[in-house]
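1. Predicted model and sequence follow; I will ask about them next.
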Amino acid sequence: MRLAILALDGLFDTGLTVFLDTFSMANELAAAQGFEAAPFEVRLIGMRRRVRTAHGLSTSVELASSAPSPDWIVVPALNVRQPERLAEALERRDTREAIAYLQARHAAGAGVAAACIGTFILAEAGLLDHREATTTWSLAPFFRQRYPAVMLDDSRMVVASQGVVTAGSAMGHLDLALWLLRQTSPELATRVARMMLIDKRASQAEYIIPDHLAHADPLVARFERWARDNLAAGFSLQAAASALSVGPRTLQRRTESVLGKSPLAFFQDLRIERAQHLVAIGYDIEKIASEVGYADTATLRTLLRRRLGRGVRELRAGR
């Protein structure tokens, strides 16, 4: 597989090195297993001959315009965390050139993949329009507002859609690298994961901090505060809207626009977050159920396992 890692100034150092180290290890393990040739030919390409990372490290790269055509182009994240700074980075000259390059190479048949904030570059290029995709959960509200044509599911870790692959938050670079490894050899991908102690993370849901997302919008932030104060009482859309002095439809539309989910679904997220915390510090399960508005523990146990992939016993053990 011919891989081109597209490096831009200010990129997330860890994201870049994760890709380089993972594919290097894969080639080493493949050689030890008797592969006749290295399964991955990795090139570092860019819009300029040198790239400076977010931590100020400088490295030489091949010019994308003259590099051989790859099977896949992989885009690491830029190291920006605020929507305003990210919007500025997306308008930089080198970023716009990279976007044009991605559009042209994808049209010619190359696969494109990105992790974390790198997914914004694919979205900016229009390569995610009308496709399922994921991104870093922390900037999902901004992503939804900027790219309404993308079918975003920020709870997922990796989403593949017809030659375009996206992965979630920072360590999603690992998950994306493993996905690409599996396309060549599932056995090799498993061996690399074991050597690097990479856990399986099918979802970002367990790591999402609901109030961080809520603060992307004033009304949603007010709803989040109301919801936390009313977890034990249970959810009522009419009661929530009345308390916030808006209509139920307005609240429904705003949460779906910002969070990609209904007020009830967000209320459930807060329940899960609170229950997970209380389980971890040793509260009795009956007490926890009461505090988050469930009449019986069976419903809470089922919800925790469905949403987090772990039961009460595993959560108490910190696994």
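-> Right, received. Where do you want to start?

2. This structure: strands as residue ranges?
-> For the chain, strands defined by DSSP state E occupy the ranges 2-6, 41-46, 50-52, 58-60, 62-63, 72-75, 111-115, 132-133, 151-152, 158-160, 164-167.

3. by contact count, what packs against the last one?
-> It refers to strand 164-167. Here strand 164-167 touches strand 111-115, helix 118-124, strand 158-160, helix 172-184, going by 3 or more C-beta pairs under 8 Å, 6 or more residues apart in numbering; DSSP states H and E. Just so you know, the C-beta spots here come from the backbone N, C-alpha and C atoms, and that holds for glycine as well.

4. Could you report the distance from the residue lying closest to residue 178 once chain neighbours are set aside to residue 76?
-> Leaving aside its chain neighbours, residue 178 sits nearest to residue 189 (5.2 Å; criterion: C-beta to C-beta, 6 or more residues apart in numbering). Residue 189 sits 19 Å away from residue 76 when distances are taken as C-beta to C-beta, to the nearest Å.

5. Also residue 88?
-> Per C-beta to C-beta, residue 88 is found 18 Å from residue 76.

6. Residue 181 too?
-> 16 Å.

7. In terms of neighbours, single out the busier of the two.
-> residue 76 (28 against 25; other C-beta atoms under 10 Å).

8. Contacts only, for the more buried one.
-> Neighbouring residues of residue 76 by C-beta atoms under 8 Å, 6 or more residues apart in numbering: 5-7, 11-12, 15-16, 18-19, 114-116, 118, 173.

9. what comes up buried for stretch 219-233?
-> When burial is assessed from 16 or more other C-beta atoms under 10 Å, stretch 219-233 yields the following buried residues: 219, 220, 222, 223, 224, 226, 227, 228, 230, 231.

10. Over to stretch 245-258?
-> Residues of stretch 245-258 classed as buried under the neighbour-count rule (16+ other C-beta under 10 Å) are 246, 251, 252, 254, 255, 258.

11. you'd agree the first one is up against residue 222?
-> No. With contacts counted by C-beta atoms under 8 Å, residue 246 stays clear of residue 222, the gap being 9.1 Å.

12. care to break the chain down by domain?
-> 2-206, 209-317 (automatic domain parsing).

13. Out of these, which one sits most buried?
-> Greatest average neighbour count among these goes to domain 2-206 (a mean of 19), per mean count of other C-beta atoms under 10 Å.

14. Residues touching stretch 178-194, excluding its own?
-> By C-beta under 8 Å, 6+ apart, the residues outside stretch 178-194 that reach it are 1, 3, 22-23, 25-26, 29-30, 33, 39-40, 72, 74, 113, 158, 160, 165, 167, 198, 200.

15. From the rest of the structure, what touches stretch 95-102?
-> 6, 8, 47, 64-65, 73, 75, 89, 112, 121-122, 124-125, 127.

16. at 7 Å what do you get?
-> The contact list for stretch 95-102 (C-beta atoms under 7 Å, 6 or more residues apart in numbering) reads 6, 8, 47, 64, 73, 89, 112, 121, 122, 124, 125, 127.

17. next one: stretch 149-169
-> 111-116, 119, 122-123, 127-138, 140, 143-144, 172-173, 175-176, 179, 201-205, 207, 260.

18. what do you get for stretch 272-291?
-> Contact with stretch 272-291 is made by 210, 231-232, 292, 296-297, 300, 303-304, 307-308, 312, 315-316, as judged by C-beta under 7 Å, 6+ apart.

19. For the residues you listed, which two are the farthest from each other?
-> 210 and 296 (23.9 Å; C-beta to C-beta).

20. So which helix or strand of this structure has the lowest pLDDT on average?
-> helix 210-214 (a mean of 64; mean pLDDT, DSSP states H and E).

21. Contacts only, for the residue lying closest to residue 233 once chain neighbours are set aside.
-> Spatial nearest neighbour of residue 233, chain neighbours left out: residue 293 (6.4 Å); criterion: C-beta to C-beta, 6+ apart. Counting by C-beta under 7 Å, 6+ apart, residue 293 makes contact with 231, 232, 233, 234, 271.

22. Among these, which pair sits farthest apart?
-> Within those, 233 and 271 form the most distant pair, 11.6 Å apart (C-beta to C-beta).

23. Wait, residue 46 touches residue 61, no?
-> Yes. Using C-beta atoms under 7 Å, residue 46 is in contact with residue 61, at 3.9 Å.

24. and for those two, which residues touch both?
-> residue 7.

25. Now render the buried residues of stretch 219-233 as a markdown table, adding distance to residue 276 and pLDDT.
-> Listed next are the buried residues of stretch 219-233 as a markdown table, based on distance: C-beta to C-beta, whole Å; pLDDT from 0 to 100:
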| residue | distance to residue 276 | pLDDT |
| --- | --- | --- |
| 219 | 26 | 89 |
| 220 | 21 | 86 |
| 222 | 24 | 88 |
| 223 | 21 | 89 |
| 224 | 17 | 86 |
| 226 | 21 | 90 |
| 227 | 16 | 89 |
| 228 | 14 | 86 |
| 230 | 19 | 89 |
| 231 | 13 | 87 |
